[in-house]
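# Quick one, fold the following:
(chains A and B)
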Number of protein chains: 2
Amino acid sequence: MSIDAPLPSSPRLMVDLDAVRSNYLLMAARANNAATGAAVKADAYGLGLEKIAPVLAKAGCNSFFCAHVSEGMIARQVLGYDVEIFILNGVQFGEVPLLRQKHLIPVLSTSEHIALWREDGENAPAALHVDTGMNRLGLPWHEGVPDMVKGLNLTLVMSHLACGSDPAHPMNQQQLERFAVIKAAFAGMRASLANSAGILLGEAWHHDLTRPGIALYGGAPLDEGGPNLAPVAHIEAPVLQVISLRQGQSVGYGADFTAPKDMMVATVAIGYADGLRRDASPGGFGRIHDQKVPLIGRVSMDLSTFDVSDLTKPPKPGDLLCLLGKDLQALAIASDTLSYEILTGLGPRFVREYKGCGS
Amino acid sequence: MSIDAPLPSSPRLMVDLDAVRSNYLLMAARANNAATGAAVKADAYGLGLEKIAPVLAKAGCNSFFCAHVSEGMIARQVLGYDVEIFILNGVQFGEVPLLRQKHLIPVLSTSEHIALWREDGENAPAALHVDTGMNRLGLPWHEGVPDMVKGLNLTLVMSHLACGSDPAHPMNQQQLERFAVIKAAFAGMRASLANSAGILLGEAWHHDLTRPGIALYGGAPLDEGGPNLAPVAHIEAPVLQVISLRQGQSVGYGADFTAPKDMMVATVAIGYADGLRRDASPGGFGRIHDQKVPLIGRVSMDLSTFDVSDLTKPPKPGDLLCLLGKDLQALAIASDTLSYEILTGLGPRFVREYKGCGS
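From the prediction side, this is the model:
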């Protein structure tokens, strides 16, 4: 059950589909001759698989990467059967018939996956994930691996970079070299190593198929620098109340913030239940009338408080506070995390609106 | 669009409705002669308003507190018209007819709220929030306040505690004294001050109606100590892969964790997109076969890795990792936040199951 009417009191999440498209095309241009897939796992990084996947398909994407079978089923439903959909988490006992029926391609990472698909997969395509040092998911590499998968209808061999966000990290070169050995053992098969960061590392990392994720959604793939990506996610939440605070008065839970001088404070209808993390204060900020307003006091579940003393025009109830957009990375840093966790942490209370790409 | 079939690869969130009921009855017993309401805002702290609100109503709750009008509409739909539903965030321009139609009671906090309700509320009941020092929401108190609301059909006067989780904090007594002045100015009207923590502060804080929230959902209302509450939320996620790690090998993004000795690591299908925060590692833990397993390496979007070296019986793919339950508070502390943010941060990918209370 959900209320779709955009009530004035509800926070809104606006997703710019034109920005998604332009970020995809930018990453595809960077990927040279490799085909450019898309990571749409976790509901397209929290922004809406059903709306975003068709935009990517229209932009030329033929290969979609989900984590869960449940996500793959939604992707198949909205994309039809002309694209390939990979399930990065592989396949569990009992799920093989469903994957076959929906033409979902499991990414096999374990001997259990291989046995399940061999027994029941009826020679449908599968991908193979071989570990090159991340030690998270993927078959540990040894010379016997090609024999383990003999007779399977493999369509892709892949691995995943652990340190791509730091181009200077020696692990990038190490994983590339290990992947070369694996590629050689599967000569002629499509190979995939690069996520968004991997695309930016250079052509040697591109291979046949890339899998950008965060860049499509406007998040920075590198710890520092990187291409200018278009902001995708924009939040607006209404100011509920504006109060005058005298020097020495405190604000919020734990009376955590004490006013260093007389000031004006706006209370806004957005809180950590919406994904504005408690970590974000102090250090985070929003914008009112396109001017920065610092977050002060503890973020609470449904409300947060901003210092609006310096606004040229004081806000009034009903005015909108903006978050994310071009400030996504700054909010992630203030929240001591990555843009990835900010986006996937956006809560269910937003009225979600999509603009662009003929939406 | 969602996939409701509990696929073996999907993480599950189990909500124990009997535990909600028993926590409500415990808080009601602590609240002496005050009526006991319930905070069900933010989708009942992330656990499912539609399932939880009827259980609370059956347990005797007649007063429900939502933050948003959109939440109040859902609550009204599942609860019918025999209970009162308050909207803590008040009312915005254009929403008055909807509130009247659904018999939702706005909590008026500003002169704008009061004007809107006076103009268009047709003398339907409203509540008044007066600030006693939290400086977040609520009309700043002055002698003219009773005149401001003259002629309105007020059914409740309330305020909110800033520091209830710390019983020794001087602000609790201060807010109580300020509230006494306000109560005196509204003699005969129902009064409400106590959230979960406020109930535990003692009878002086109870007044006529309490508004417990976190305690109902099994989270600790106090920074230290407090009553034994029944765990409400339980997570299970499948192990995908178990690998041997040699001393010196690293795990996960950034190669952040280096094995101090040879060890066994289980990769589990749950990540920060599900609400297992990046902050939780290191320090967090889950349970496999009811034995504690420490979280190691960086939590990624869809996956996390646990040290299973010390398990008496090594896990295999498909085995279940358990999170939350009686470990909710420990996970919140490891994640450098509160149980409130853990619960409201649980992601949309869980298969949600409800047990107890005839569900």
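# which residues of the stretch 101-250 of chain A fall in strands?
A:104-108, A:126-131, A:139-140, A:154-158, A:191-192, A:209-210, A:233-245, A:250-251 (DSSP state E, counting those that start in this stretch).
# For the ones you listed, give me CSV that also has distance to chain B and mean pLDDT.
Any C-beta I mention is one placed from the backbone N, CA and C, and that applies to glycine too. Converted to CSV, those look like this (distance: least, CB to the nearest CB, whole Å; pLDDT from 0 to 100):
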stretch, distance to chain B, mean pLDDT
strand A:104-108, 10, 98
strand A:126-131, 8, 98
strand A:139-140, 6, 94
strand A:154-158, 15, 98
strand A:191-192, 17, 98
strand A:209-210, 18, 98
strand A:233-245, 5, 96
strand A:250-251, 5, 93
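# ok, A:Pro11 touching A:Val239?
No: checked against CB atoms under 8 Å, the pair A:Pro11 and A:Val239 is beyond contact range at 11.5 Å.
# thinking again about what came up before, including mean neighbour count, could the strands of the stretch 101-250 of chain A go into TSV?
Formatted as TSV, those follow (neighbours: other CB atoms under 10 Å in any protein chain shown):
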stretch	mean neighbour count
strand A:104-108	26
strand A:126-131	24
strand A:139-140	18
strand A:154-158	22
strand A:191-192	23
strand A:209-210	24
strand A:233-245	22
strand A:250-251	22
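# so how far is chain B from A:Ile74?
5 Å (CB to the nearest CB, to the nearest Å).
# does that residue count as helix, strand or coil?
helix (DSSP: H, G, I helix; E, B strand; the rest coil).
# and it, how many neighbours?
20 (other CB atoms under 10 Å in any protein chain shown).
# returning to that earlier point: hey, what's in contact with both of A:Pro11 and A:Val239?
A:Ala269 (CB atoms under 8 Å, 6 or more residues apart in numbering or on different chains).
# For the nearest residue to A:Gly219 once chain neighbours are set aside, what are phi and psi?
Once flanking residues are discounted, A:Gly219 sits nearest to A:Ser339: 3.4 Å by CB to CB, 6 or more residues apart in numbering or on different chains. Torsion angles at A:Ser339 (phi, psi; degrees, to the nearest 10) stand at phi -60, psi -30.
# A:Leu240 contacts B:Thr110, doesn't it?
Yes: counting by CB under 8 Å, A:Leu240 does reach B:Thr110; the two are 7.3 Å apart.
# any shared contact partners between these two?
Counting by CB under 8 Å, 6+ apart, the residues touching both A:Leu240 and B:Thr110 are A:Pro317, B:Gly90.
# rewinding a little: A:Arg277 versus the residue nearest to A:Gly219, what's the distance?
According to CB to CB, to the nearest Å, A:Ser339 stands 12 Å off from A:Arg277.
# same thing with A:Val251?
18 Å.
# per-residue pLDDT, A:Ser22?
A:Ser22 is assigned 97 on the pLDDT scale.
# isn't A:Val83 right next to A:Cys61, touching?
Yes: between A:Val83 and A:Cys61 there is a contact under CB under 8 Å: 7.3 Å.
# With neighbour numbers in mind, choose between those two.
Ranked by neighbour count (other CB under 10 Å), A:Val83 and A:Cys61 place A:Cys61 first, with 22 against 18.
# for stretch A:161-169, how far is the first residue from the last?
One end of stretch A:161-169 sits 11 Å from the other (CA to CA, to the nearest Å).
# any residues touching it, and which ones?
A:133-134, A:136, A:171-172, A:175, A:193-198, A:200-201, A:205, A:221-223, B:250, B:252-255.
# same thing but 6 Å
A:Met134, A:Met171, A:Asn172, A:Gln175, A:Ala197, A:Gly198, A:Leu201, A:Leu222, A:Asp223, B:Tyr253, B:Ala255 (CB atoms under 6 Å, 6 or more residues apart in numbering or on different chains).
# what about the helices in the stretch 151-300 of chain A?
Secondary structure of the stretch 151-300 of chain A, counting by DSSP state H, counting those that start in this stretch: helices at A:170-185, A:196-201.
# The longest one: which residues count as buried?
Read it as helix A:170-185. By neighbour count with 16 or more other CB atoms under 10 Å in any protein chain shown, helix A:170-185 contains the buried residues A:Met171, A:Asn172, A:Gln175, A:Leu176, A:Arg178, A:Phe179, A:Ile182, A:Lys183.
# Run through the neighbouring helices and strands of it.
The helices and strands touching helix A:170-185, judged by 3 or more CB pairs under 6 Å, 6 or more residues apart in numbering or on different chains; DSSP states H and E, number zero.
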